[in-house]
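> Return a 3D structure for these sequence lines:
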Amino acid sequence: MSSPNSLPGPGMFSGSEISELCDAIKDVHRLLTSVGAFFSELEKTEAPGGNGLQIDFKKWGLRTITEDLLERQYQAVEQIVSFYREEQDKMSKKGRG
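Predicted coordinates:
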């Protein structure tokens, strides 16, 4: 059961923070899905006993790009969560004061 202080009150968000958070989470999901599919394709192209250097380079590049994109998305999510916590804190202090 939730306490009244843990639930967002009316007017807690005045902008588009909730939709931004949802979009950021959806972007992370799409990114991971796409990377997983591409990585699977790379795995299938590697010939047994062949020179996997080009495939390894592609995997390294994919991992590097993915890590960078995910870090940006996580920062966006963390920023929105931080804002939410600050607003929740303000609302709970208002309720006590």
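> I'd like to know which elements the strand or helix carrying Thr66 is packed against.
When secondary structure is defined by DSSP states H and E, Thr66 falls within helix 53-96. Using 3 or more C-beta pairs under 8 Å, 6 or more residues apart in numbering; DSSP states H and E as the contact definition, the elements that helix 53-96 packs against are helix 17-45. (C-beta placed from N, C-alpha, C; glycine too.)
> Could I get the average pLDDT for the helix it packs on?
The predicted model gives helix 17-45 an average pLDDT of 80.
> Report the angle between that helix and helix 53-96.
If you take axes from the mean of the first three to the mean of the last three C-alpha atoms, to 10 degrees, helix 17-45 sits at 160 degrees to helix 53-96.
> List the buried residues for helix 17-45?
Taking 16 or more other C-beta atoms under 10 Å as the neighbour-count basis, helix 17-45 is seen to contain the buried residues 17, 20-21, 24, 27-28, 31, 35.
> can I get those in a markdown table with distance to Ala76?
A markdown table is the format used below for the buried residues of helix 17-45 (distance: C-beta to C-beta, whole Å):
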| residue | distance to Ala76 |
| --- | --- |
| Glu17 | 11 |
| Glu20 | 7 |
| Leu21 | 8 |
| Ala24 | 5 |
| Asp27 | 8 |
| Val28 | 9 |
| Leu31 | 12 |
| Val35 | 18 |
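> and these, which two are the farthest apart?
Farthest pair in those (C-beta to C-beta) is Glu17 and Val35. Separation: 26.8 Å.
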